[in-house]
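1. Have a look at this prediction, sequence included:
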There are 2 protein chains.
Amino acid sequence: MKPWVQYLDEFKSLSERVLSLEYAQALIHWDMNTGAPKKGMGDKAKMLGTLGGESVKLLTSPKMNELLEILEAHKESLEPNDYQHVKHTRKRYDQMMKIPPKEYEEYLALCAEANQVWEEAKTESNFNLFAPYLKKIVEALRNFIVYRGSQEDHPYNTLLDDYEEGMTVEKLDIFFNTLRERIVPLVHKIREKSQPECSFLAEKYPILKQKEFSDFIAKYIGYDFDAGMIKESMHPFTLGFGPNDVRITTHYHENNLMSAIFSTIHEGGHAIYEQQVSQNLAGTLLAEGTSMGIHESQSRMFENLFGRSLAFWKPIYAKTQEYFPTLSNFTLEQFYKGINITKPSLIRIEADELTYSLHVMVRYDLEKALFSGACEVEDLPELWNKKMEEYLGVTPENDSVGVLQDVHWGSGLFGYFPSYALGNAYASQFFNTMNKEFSVFDELEKGDFTKIKEWLKKHIHQFGKTKKPEEILIEATGEGLNPNHFAEYLEKKFTSLYNL
Amino acid sequence: MKPWVQYLDEFKSLSERVLSLEYAQALIHWDMNTGAPKKGMGDKAKMLGTLGGESVKLLTSPKMNELLEILEAHKESLEPNDYQHVKHTRKRYDQMMKIPPKEYEEYLALCAEANQVWEEAKTESNFNLFAPYLKKIVEALRNFIVYRGSQEDHPYNTLLDDYEEGMTVEKLDIFFNTLRERIVPLVHKIREKSQPECSFLAEKYPILKQKEFSDFIAKYIGYDFDAGMIKESMHPFTLGFGPNDVRITTHYHENNLMSAIFSTIHEGGHAIYEQQVSQNLAGTLLAEGTSMGIHESQSRMFENLFGRSLAFWKPIYAKTQEYFPTLSNFTLEQFYKGINITKPSLIRIEADELTYSLHVMVRYDLEKALFSGACEVEDLPELWNKKMEEYLGVTPENDSVGVLQDVHWGSGLFGYFPSYALGNAYASQFFNTMNKEFSVFDELEKGDFTKIKEWLKKHIHQFGKTKKPEEILIEATGEGLNPNHFAEYLEKKFTSLYNL
C-alpha cells in the first residue's frame, strides 16, 4: 500500500481538475456577459451545461470519495489548510450525493423553465402564471431538505447553510427583530422630513467620463488592475479565478452617474476580498470568499461605510468635479447628503442604505414561513404587500413591482436573500473593531487605503474558505453576529443627516 | 443489445464533451492573448494544461474506441456527415494512441523547454544553444513517424499529413520546383528595377483611426460581427468556436498602417471561412477549416488576390483617405503600387506577396532533408544561408535573422510551413475557377462580396472538415494542386507592376 501522503497529492490533483473545469465555466460566463457575439450564445450555454456535467462528475466520482475517506482517516496529520480543503470538498460532495441525481436533473430543468415563466409573469404582472412553477420548486427543495437531513431545528436552516455556513433561523430572528424594532420606526420618522437638494443625481454625465472615473475610483480604493480588469455588462458582478485574477463589471447609465460609481466601489470591495486571499490557497477550491454574507460585508463596507461617508469624498471631491463639471455647482456637503438620500420604495435593487435591509426582511419572513409550512406559495402576494406596508409604508400597485420583482425564487435561490442584509450587519461590526485600532475616517481623509486593506487582509481576506463565516467574525471582532453595531450606525448616520 | 443507432448518440455526446473542453481551452487562449491580467497568467497556463489532459483523456478513452468500432462496423448505414465525424475522430484517436503516452508527455515537456531556449538563442543569435534541444525534438518526431508507420514513401509525409491531409513530398516537389523555376528568376529580375514612390507606407497613423478602419474593412469584406469580434493582441490570429463565434485579432503599429489593414483582411478571410461552415456541423469536431493549407488559401485570397488588387480599393479609396488624410497626397494608382512593393528580405513574416513563398521553400528543403536523413540539425545554419542566397539573393548576417527566426521548430511544428505556400497556390487556383463563373474584379469594383462569399461557401466553406483538402480542391476547380495558376498570377501581376 502507498504511503497515505501520496493520496493527498492525488486528492490535490483531482481537486485541481475540478477547479479548472469550474474556472472554465466562469470564464464562459464572463465572456457571455462582456460582449461575446450574440449568434454564439446558444452554443456557449450548451458548453456551460457540458462542462458543468464534467466538473460534477469528477467532484462526485468514486475516486474522490475514496481519497476523501483515506484523508479523513488521517485528519490529525494534515496541515490545517489541507484539512479544510478535505472538509470543504466533502461538504460539496455530500451536497451533491444526498440528492438522487435524476431528481436533481429534473429540478435543474424545472428551474430553467421557471425562470422563463417568471420573466413572462413579471412582464404581465401575473403571479398565477408563475405560481405552479414556484410551487414545484418549493416542493423539490422541501424534499431535498429531507434527503440532506442534517438540520433538525428548522427546515429553512439547511438552505441558509448553503449560502452562509452555520446560519440559523434562531440567529436571524434576533437580527431581524432588532431591525424591526429600531430601523422600521426610523424609516417612518424620516418620511415626515423634507429631502435635501439633490438635483445633480438626475443630471446626464457622459458615459466615457463615467468609465474613466470607474477606473480611477477602483484604483483609488486599492483594486489591483494587474490581477483583474473592469468591463461593462448588463448587471454588475465580480468574478474571480483565485487571487491573481478577479474581474469586475459595471453598467453605465447616462442619466445615473451614482449607479456606476457605487457599483464599481461595491464590486471593487468584493474583488479586493478575493485578490487578498492567501497565495497558498491559489489553485484550490478554497481560494474564494468564505460565504455570501462575508462577501457582501466587504462590498457594502466599501460601498456604504466608506463610499457614502464624508471622509471618503473629502480628498477626491475636487477631482470628481473635474471629471464631472456639473458637480461644481454643488458643495461637498450637498454631494454627501445627495448620495445618502433615503426614501422607502418598492424595488429592492434600487433601495438606499437605510431601507435596503427591510426589503430583505420581507423576503426572509416569507421564506421562513414557506419552509416551516406556515404559508404556501399562493399566500405570497398578499403577505408580501402586507409586509411592505408594515416595514416600509408602501404597497405595490401590482405584483410586477411586488412579489414578482426578483429573479431569485424562480432560480431556486431560497436562503440566499438574508446574506444581503447580513453583509450590512457584518460590515458595521468589522468597521467598529477596525476603528478601535485606528481611525478609519482619518485614513479615508488621507486617501490612503493601505492600513484598511491590511486590516481586512489580516482578519478576513487571507483565509479564503479555510474559516467559516462565524469563525472569522468572532476571531476578528470578539463576538458573534451582533446587530446593534449596524442599528447604531444607521441611527447615528441618518439622525444626523435628517436632523431628527 | 441496444440498437446501434443509440451508439451514434453516445458517440455524439462524447464528442461534444471533447469539443466543449477544446473550446474551453481556446477561450482561455483567447483571454490570455486579449488582455487577461498579467498576475493570473501562470494560473491560466496551468488550467490549459489540466483541461488539455481532460480532453485527451476523453478522446482516447476505451469508451471512445468502443463506440468508434461499433460505428465503423455500421459505416454503410451512417449519414455522410456522421461517417466523416467518425473517421475524423478515429484519425485523431490513432494519432494520440500510436505514440506511447510517456514518450508523448516527455516530448511536450521537451518542447516547452526548447521554446524557452529558442527565445534565448534567438536573442543571443546563438544556434549552438538551441541545437541540442532541436536535435532531441527531431529525434522524437523521427520515432513518432515510425510508431505511426502509415506513410511508407517518405518519412516527412507523416508530418505533412498532420497539417494537410494527403499532402506528400512528391506533390510538394512539383509545386516548389515550379516556384524555383519561375518565381526565383522573377525576383532576381525585379531587384534591378527601381521602386515606386511609397513614402506613405512609413507615415504615422493614429491607432484609434486604425481600429475604426479595421472594423470598417472587416465588415466591408463580409465578416459577421454578430458571430465574432475584433480585439487587439501581440500577434494577429483567428480563433473559432464553430460557425457562430469566430474571433479575430489585429495588432496596431502607429508607424505601420498597412500591417493592421492587411492583418485584418487576412484574419477576416480565415474567419469568414469558419463563419460559413454549415450549421449542421456546429457542435461537432468537424466545424472548422479542413486543413492549414485550405485555411491559408482563404486568408491569402482575401489579403492578396482581393486586398492587394486595384479593383478592391477603387470603391473605397476615397473613404480610406477620409480615415487617413495623409493618403490624400497619393493617387489610387500610387497606393496600389505602394502596397505591392516587392523586395527580397531576410524575415519571412515581413515578406511581400512575391517573395513569401520562397521563404517557405527554404524551410521545406531543410525539413525534407532532415527527415529523409540527408542532413542533421548542425547542418541547418549553413544550409539556410545558402538557400536564402540562392532563392532571394540575400544572406543573413547572423542566425537570429536566419535559421533562428521562427518559433515553429522549437515547438515541434515540422511539416507546417508548406501550408503557408500551399495556401497561396490554392488561392490562385480557386480564384481562376471563380473567375470563370463571374468576373471577381467586377464584383470587387462594385464593392459587393455577396457572390464571392456565396461561391466560397458553396465550394469550400460549408464543408468544414467533412471533405479532405484535395477533395475540395478537385471538386471546386476540376484538378488537383496545379502550381501554374499561382506562378502565372505572380508573373502577370509583377511584370506589369515593374514594367518588365
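-> Happy to help now that I have it.
2. For chain B, what's the nearest residue on the stretch 351-500 of chain A?
-> The nearest approach of the stretch 351-500 of chain A to chain B comes at A:Gly464, 14.5 Å away (C-beta to the nearest C-beta). Any C-beta I mention is one placed from the backbone N, CA and C, and that applies to glycine too.
3. In contact with that residue, which residues?
-> For A:Gly464, the residues meeting the contact criterion (C-beta atoms under 8 Å, 6 or more residues apart in numbering or on different chains) are A:277-278, A:281, A:286-290.
4. for those residues, which one is nearest chain B?
-> Out of those, the one with the shortest distance to chain B is A:Ala287. That distance is 9.5 Å, counting by C-beta to the nearest C-beta.
5. before we move on, which element is the closest one in?
-> Under the criterion DSSP states H and E, no helix or strand holds A:Ala287.
6. So it sits against A:Leu281, correct?
-> Yes: at 4.3 Å, A:Ala287 and A:Leu281 qualify as touching, with contact defined as C-beta atoms under 8 Å.
7. Quick check: A:Leu444 is in a strand.
-> No: going by DSSP: H, G, I helix; E, B strand; the rest coil, the assignment for A:Leu444 is helix, not a strand.
8. Excluding covalently adjacent residues, which one is nearest to it?
-> The shortest distance from A:Leu444 to any non-neighbouring residue, by C-beta to C-beta, 6 or more residues apart in numbering or on different chains, is to A:Ala311 (3.9 Å).
9. Could you do A:Lys135 as well?
-> Using C-beta to C-beta, 6+ apart and skipping residues adjacent in sequence, the residue nearest A:Lys135 is A:Val377, 4.6 Å away.
10. who touches the one you found in this structure?
-> For A:Val377, the contacting residues are A:131, A:134-135, A:138, A:370, taking C-beta under 8 Å, 6+ apart as the criterion.
11. Could you rerun that using 7 Å?
-> Shown here is A:Val377, whose contacts under the criterion C-beta atoms under 7 Å, 6 or more residues apart in numbering or on different chains are A:131, A:134-135, A:138.
12. Could I have the buried ones of these as ChimeraX selection syntax?
-> To isolate the buried members of the contacts of A:Val377 in ChimeraX, using 16 or more other C-beta atoms under 10 Å in any protein chain shown:
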select /A:131,134,138
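13. Would you mind measuring from the residue nearest to A:Lys135 to A:Tyr104?
-> Distance of A:Val377 to A:Tyr104, computed by C-beta to C-beta, to the nearest Å: 21 Å.
14. Check A:Glu475 too.
-> For A:Glu475, the distance to A:Tyr104 - C-beta to C-beta - is 35 Å.
15. What are the contacting residues of stretch A:30-50?
-> Under the criterion C-beta under 7 Å, 6+ apart, residues A:25, A:28, A:231, A:233, A:239, A:247, A:249, B:16-17, B:20, B:23, B:27, B:226-229, B:241-242, B:244-245, B:282-283 lie in contact with stretch A:30-50.
16. Can you check what angle separates whichever helix in chain A runs longest from helix B:4-33?
-> Taking DSSP state H as the assignment, the helix of chain A that covers the most residues is helix A:4-33. Here the directions of helix A:4-33 and helix B:4-33 differ by 80 degrees (axes from the mean of the first three to the mean of the last three C-alpha atoms, to 10 degrees).
17. near chain B, which residues of chain A show up?
-> A:16-17, A:20, A:23-24, A:27-28, A:31, A:35-40, A:43, A:46-47, A:50-51, A:54, A:226-229, A:241-242, A:244-245, A:282-283 (C-beta under 7 Å from any C-beta of the partner chain).
18. Let's see that with 6 Å instead.
-> Remark: the part of chain A in contact with chain B comprises A:17, A:20, A:23-24, A:27, A:37-40, A:43, A:47, A:50-51, A:226-229, A:242, A:244-245, using C-beta under 6 Å from any C-beta of the partner chain.
19. Please convert the buried members of those residues into PyMOL selection syntax.
-> The following PyMOL selection, which keeps only the buried ones among these, applies the criterion 16+ other C-beta under 10 Å:
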select buried, chain A and resi 17+20+23+24+27+37+39+40+43+47+50+51+227+228+229+242+244+245
